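*Asks:* Here is my input; please provide its structure:
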Amino acid sequence: MVTPTTELVVVGPIVYTVAFWRSKMTMMCEECGCRGGARKLFLGAEAIPSDAIRLFDGKDLSNWVKRGGGEPGWKVENGYAEVVPKTGDICSKQTVADCQLHVEFWLPLMADCTGQARANSGVYLQGRYEVQVLDSYGLDSKDDDCGGIYTVAAPVVNACRPPEQWQTYDILFHAPRFNHKGVKVKNARISILQNGI
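*Replies:* Take a look at the predicted model:
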């Protein structure tokens, strides 16, 4: 069987700090321009295993490219990667197949916005499976809300914290399988825990 690799893509206005080791990734994000009160990673640098492949070291974006090619237009300062408006999404140069991701994100309070306008972002696997990142606190979850697989499956429970608090995803991804002729024999599988639930 052939297992395709996974391209990790960061979409939208959320900023991510990433560490990737073996089959686990840590991401820290913060809304562009909403830096007040942001905290360090839950895990902290001391908790990252020594054999980690770190995609972001707090200094540069050398392990990232702009989606579609080219240099990422985001800026790095104070140990954070920050979105520069209209510079596009970024993709990791590192590719994986089956993986476990640990994602940490922070969403701003956008009280005057509703629905998809509330800090909309996402984590793409293989450029096609999007785990939605959105301020969905207090909503009846749908397949386009935080914790869902965008337009495919709603989260079983809405585990969102209020905006301006750190949140986590633990995503277990099994890539689809194909036989030697390139025919898919097993669909992709994704399990998501949000904030430990």
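*Asks:* Now the most centrally placed residue in the chain. Nearest residue, chain neighbours left out?
*Replies:* Against the mean C-alpha coordinate of the chain, by Cα atoms, centre = their mean, the closest residue is residue 123 at 3.5 Å. Leaving aside its sequence neighbours, residue 123 sits nearest to residue 131 (Cβ to Cβ, 6 or more residues apart in numbering; 4.7 Å). Every C-beta, even on glycine, is put in place using the N, C-alpha and C of the backbone.
*Asks:* ok, the residue lying closest to residue 79 once chain neighbours are set aside - how many residues close by?
*Replies:* Nearest non-adjacent residue to residue 79, counting by Cβ to Cβ, 6+ apart: residue 58, 3.7 Å away. Neighbours of residue 58 under the rule other Cβ atoms under 10 Å: 15.
*Asks:* picking that back up, quickly list what the residue nearest to residue 123 is bridged to.
*Replies:* Beta-bridge partners recorded for residue 131 (DSSP bridges): residue 123, residue 149.
*Asks:* which residues of this structure score low on pLDDT?
*Replies:* Along the chain, segments meeting pLDDT under 70 span 1-53.
*Asks:* returning to what we had before: in contact with the residue nearest to residue 123, which residues?
*Replies:* Residue 131 sits next to 103, 122-125, 147-150, 169, 171, 190, 192 when contact means Cβ atoms under 8 Å, 6 or more residues apart in numbering.
*Asks:* Include distance to residue 109 when you put those into CSV, please.
*Replies:* Below are those laid out as CSV (distance: Cβ to Cβ, whole Å):
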residue, distance to residue 109
103, 20
122, 19
123, 21
124, 25
125, 28
147, 19
148, 21
149, 25
150, 23
169, 20
171, 25
190, 28
192, 24
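*Asks:* just the buried members of those residues?
*Replies:* In terms of neighbour count (16 or more other Cβ atoms under 10 Å), the buried residues within those are 103, 122-125, 147-150, 169, 171, 190, 192.
*Asks:* Of those, which is the nearest to residue 163?
*Replies:* Proximity of those to residue 163, judged by Cβ to Cβ, is greatest for residue 147, which lies at 14.7 Å.
*Asks:* quick one: the closest one and residue 192 touch, right?
*Replies:* Yes: using Cβ atoms under 8 Å, residue 147 is in contact with residue 192, at 5.9 Å.
*Asks:* Please identify every residue contacting each of these two.
*Replies:* The contact sets of residue 147 and residue 192 overlap at 131, 155, 169 (Cβ under 8 Å, 6+ apart).
*Asks:* which among these gets closest to residue 177?
*Replies:* Distance to residue 177 across the shared contacts of residue 147 and residue 192 (Cβ to Cβ) is lowest for residue 131, with 20.4 Å.
*Asks:* Do a quick rundown of the helices in the chain.
*Replies:* Applying DSSP state H to the chain gives no helices.
*Asks:* check contacts around the residue nearest to residue 61 when sequence neighbours are not counted.
*Replies:* Nearest residue to residue 61, sequence neighbours excluded (Cβ to Cβ, 6+ apart): residue 72, at 4.7 Å. Taking Cβ under 8 Å, 6+ apart, we find residue 72 in contact with 61, 64-66, 87-88, 90.
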